[in-house]
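*Asks:* test case, fold it:
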Amino acid sequence: MANGPRYSVPFRRRREGKTDYKLRLGLIRSGKPRAIVRISNRYVYVQIAESRPGGDTVTASASSKELAGLGWKAGTGNIPSAYLTGALAGKRGLAKGVTEAILDIGLRSSTKGSRLYAALKGLADAGLKVPHSEDILPSGERVEGGHIAGFAKSSMAQGAETYRKRFGGYLRRGLKPEELTAHFGQLREQIRSMKVEA
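*Replies:* Sure thing, here's the model as predicted:
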């Protein structure tokens, strides 16, 4: 670690690689609620939070863990599940009176068509106003899981063993991965028609 009379130790969360305070300050100064998207290896988390002097207040949230309870049989860390999680969080936010937000991706790199922007698309399609460019969003085919269904078909052509090895989780939950697009459409409509209490 550097030393000297002019060196100041960064804040703990910055040292741990958890918070970019310069970026956070800019988001807070916007005066809008933040649509926070965080992604782990297995799950997607979306929160709508407002900054208060005493700390952040979470108005609405959703996790891809919840999708299984709604009937989702596919993976919980992919692009379709990120979209559905964003749509669920957006619907809950609207029920709480939040009409607009600004995207907070934390320390993640901004990659065109990534899961971060699939969640953003879900928020926007739910009716939440989140400033963004259409160019950065994933295509409709990827959001619906068309790329996964296509990969499943090519895996099947390579042999039954390869197919079962790659998509065993889907098959155990009773979903053929090549039917993911139709399954996604059903759950999307279910989320759109849900009644969410304020």
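*Asks:* stretch 14-34 - what's its average pLDDT?
*Replies:* For stretch 14-34, the mean per-residue pLDDT is 89.
*Asks:* return the distance of it from the chain's centre.
*Replies:* A distance of 18 Å separates the centroid of the chain from that of stretch 14-34, by Cα atoms, centre = their mean, to the nearest Å.
*Asks:* what about that stretch, how long is it end to end?
*Replies:* By Cα to Cα, to the nearest Å, the extent of stretch 14-34 from end to end equals 19 Å.
*Asks:* repeat that for stretch 14-29.
*Replies:* End-to-end for stretch 14-29, by Cα to Cα: 19 Å.
*Asks:* buried stuff in it?
*Replies:* For stretch 14-29, the neighbour count (16 or more other Cβ atoms under 10 Å) marks Leu27 as buried. C-betas here are computed from N, CA, C, even on glycine.
*Asks:* what's in contact with that stretch?
*Replies:* 9, 11, 13, 34, 51, 102, 104, 106-107 (Cβ atoms under 8 Å, 6 or more residues apart in numbering).
*Asks:* could you do stretch 44-58 as well?
*Replies:* Stretch 44-58 is touched from outside by 28, 33-39, 59-64, 76-77, 81-82, 85-86, 88-90, 92-93, 96, 98, 101, 115, 119, 122-123, 128, with contacts defined as Cβ under 8 Å, 6+ apart.
*Asks:* follow-up on the earlier one: in the contacts of stretch 14-29, find the pair that's most separated.
*Replies:* Spanning the widest gap among these are Val9 and Ile102, at 29.6 Å by Cβ to Cβ.
*Asks:* those two: which has the busier surroundings?
*Replies:* For Val9 versus Ile102, neighbours defined as other Cβ atoms under 10 Å are more numerous around Ile102 (17 against 10).
*Asks:* partners of that one in the sheet?
*Replies:* Under DSSP bridges, the beta-bridge partners of Ile102 are Arg34.
*Asks:* okay, it: pLDDT?
*Replies:* For Ile102, pLDDT reads 96.
*Asks:* in this structure, where is pLDDT below threshold?
*Replies:* For the chain, the stretches with pLDDT under 70 are 1-2, 198.
*Asks:* how about the strands in it?
*Replies:* 34-39, 44-52, 55-63, 102-104 (DSSP state E).
*Asks:* what comes up buried for the longest helix seen in the chain?
*Replies:* Longest helix in the chain, counting residues (DSSP state H): helix 79-95. Under the neighbour-count criterion of 16+ other Cβ under 10 Å, helix 79-95 has 79-94 buried.
*Asks:* stretch 53-62 now?
*Replies:* Residues of stretch 53-62 classed as buried by neighbour count (16+ other Cβ under 10 Å): 59-62.
*Asks:* closest one of the residues you listed to Arg166?
*Replies:* Closest approach between these and Arg166, by Cβ to Cβ: Ala62, at 27.7 Å.
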